[in-house]
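**Student:** How does the following fold in three dimensions:
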Amino acid sequence: MLILTQRLLPDASGTPPQYNLSLTADDRTRSRHRFETEEGEEVYLNLPRGTILQDGDRLASETGEIVVLVTAKPEPILTVTAHTPLDLLRAAYHLGNRHVSLEITPNYLRLSNDSVLKAMLLQLGLQAIEEIAPFYPETGAYHHSHNHE
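**Tutor:** Next comes the predicted model:
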């Protein structure tokens, strides 16, 4: 089993990745966990606690010889749109009150698929479309923000 202990700077090593690790948004918050790469190799993340991985991060073993590319795995989500920016802001407010992890953009919100929340959003007059797509929720006020557009 490969033990991954470090996150590399973007293209710091120049070494192409030997493995690809596709993780959901929730999995990308796990700093110590076992996963299987797309190639079938078992890896163990042993990263500093609180590490939140991002799409495109490169991880390496202690020696830096093995490089693994992290990608955002498509997962069931709701994409929420509104007729006005104010309506979208209201949706973000109501979802935030429920401590829902949200991906926030100027034109839409995304959240994990949930039938109860979908019904609430539809009742508020919003559009909520079920999709399978990568999910990039906000990490919170005390974490580095990361733009995916």
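**Student:** Around Glu103, how many other residues sit close by?
**Tutor:** Per other Cβ atoms under 10 Å, the neighbour tally for Glu103 reads 20. Any C-beta I mention is one placed from the backbone N, CA and C, and that applies to glycine too.
**Student:** Now it: phi and psi?
**Tutor:** Note on Glu103: backbone dihedrals following degrees, to the nearest 10 are phi -100, psi 120.
**Student:** Excluding residues flanking it in the chain, which one is nearest it?
**Tutor:** Spatial nearest neighbour of Glu103, chain neighbours left out: Arg110 (3.8 Å); criterion: Cβ to Cβ, 6 or more residues apart in numbering.
**Student:** Each with direction, which strands does the helix or strand harbouring that neighbour pair with?
**Tutor:** Assigned by DSSP states H and E, Arg110 falls within strand 109-112. Strand pairing for strand 109-112, using DSSP bridges, gives strand 75-81 (antiparallel), strand 103-104 (antiparallel).
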